[in-house]
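**Student:** got a structure for you, letters missing:
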């Protein structure tokens, strides 16, 4: 597994917990946040602020699609871009912290965010 793939795997794992700790951000948006981050990370040449703006937009498109598919409002589309940006930034920061921690772990210590390493 590539370093990038591992990073996206960590994003998907930490998003629900991280988002549940932020007031005003429902943890139910975690899959959309993880997808938004993953898609934004694939934008060639984009810097942090551009990736963040893209992740916010992609995440909000996910909300809209879910609401249309469900035929009713499942996730409030009025969730502010600012609150969503803070949530996305927090998820990325936690994932980077775990990634950095796993790179400095002593030999024999399982990498953070990898359940299969603990077996």
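**Tutor:** Everything's here; your move. Model, not experiment: these values are computed from the prediction.
**Student:** going forward, measure contacts and count neighbours with C-alpha atoms only.
**Tutor:** Will do.
**Student:** what is the burial count for residue 7?
**Tutor:** Counted with other Cα atoms under 10 Å, the neighbours of residue 7 add up to 19.
**Student:** now do residue 72
**Tutor:** 9.
**Student:** just residue 71 next, same as before
**Tutor:** Applying other Cα under 10 Å, I find that residue 71 has 9 neighbouring residues.
**Student:** skipping its backbone neighbours, what lies nearest the residue nearest the centre of the chain in space?
**Tutor:** The centroid of the chain falls nearest to residue 34 when counting by Cα atoms, centre = their mean (3.4 Å). Distance criterion Cα to Cα, 6 or more residues apart in numbering; nearest residue to residue 34, sequence neighbours excluded, is residue 12 at 5.3 Å.
**Student:** residues touching the residue nearest to the centre of the chain, list them.
**Tutor:** 8, 11, 12, 15 (Cα atoms under 8 Å, 6 or more residues apart in numbering).
**Student:** which SS class is the first one?
**Tutor:** By that I understand residue 8. helix (DSSP: H, G, I helix; E, B strand; the rest coil).
**Student:** how about the helices in the protein?
**Tutor:** With DSSP state H as the criterion, the chain has helices at 3-20, 30-41, 48-70, 81-103.
**Student:** and the first one, how far out from the chain's middle?
**Tutor:** Relative to its chain's centre, helix 3-20 lies at 6 Å (Cα atoms, centre = their mean, to the nearest Å).
**Student:** tell me how far residue 83 lies from residue 59.
**Tutor:** 12 Å (Cα to Cα, to the nearest Å).
**Student:** before we move on, what about residue 73?
**Tutor:** Residue 73 is 15 Å from residue 59, by Cα to Cα.
**Student:** neighbour count for those two, which is higher?
**Tutor:** residue 59 (26 against 13).
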